[in-house]
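Enquirer: After the sequence you'll find the predicted model.
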Amino acid sequence: MTLTAVFMAVPEGYIGFVEELPGANTQGETLEEARENLREAVQMVLAANRELAEKSIVGKVVSRETFELTAP
């Protein structure tokens with residue numbers, strides 16, 4: 001799976017977000033800093049979503065499996 005990072009120059013540096021992952025956005029003084037910050041933001045969004053999902057299934061019988069998505 002490949003996601004799309006979008007970066008835009010602003011007076012303060014750069015802002016960035018991932019088109020396919022709402023909530024994954026960041027900023028940086030340089031493009032490289034914005035890229036690094038965006039990687040961290042994606043990891044944080046995924047960790048937060050996992051925590052919310054785990055809380056929602058406490059005490060329930062569930063099945064977990066690896067899920068891979070191939071782009072069309």
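Expert: Thanks, I have the structure now.

Enquirer: and the residue sitting nearest the centre point of the chain, what is it in contact with?
Expert: A centroid search over the chain (C-alpha atoms, centre = their mean) returns residue 42, at 2.5 Å, as the residue closest to the centre. With contact set as C-beta atoms under 8 Å, 6 or more residues apart in numbering, residue 42 has these partners: 3, 18, 21, 24. For glycine as for every other residue, the C-beta is placed from the backbone atoms N, C-alpha and C.

Enquirer: okay, it: pLDDT?
Expert: At residue 42 the predicted local confidence, pLDDT, stands at 97.

Enquirer: Check which residues of whichever helix or strand it is part of are buried.
Expert: Remark: residue 42 resides in helix 31-56, with elements defined by DSSP states H and E. Neighbour counts over helix 31-56 (16 or more other C-beta atoms under 10 Å) mark 34, 37, 38, 41, 42, 45 as buried.

Enquirer: Contacts only, for the last one.
Expert: Listed by C-beta under 8 Å, 6+ apart, the contact set of residue 45 reads 21, 23, 24.

Enquirer: if we go to 6 Å?
Expert: By C-beta atoms under 6 Å, 6 or more residues apart in numbering, the contact set of residue 45 is 23, 24.

Enquirer: Look up how far residue 3 lies from it.
Expert: The span separating residue 45 from residue 3 equals 11 Å under the rule C-beta to C-beta, to the nearest Å.
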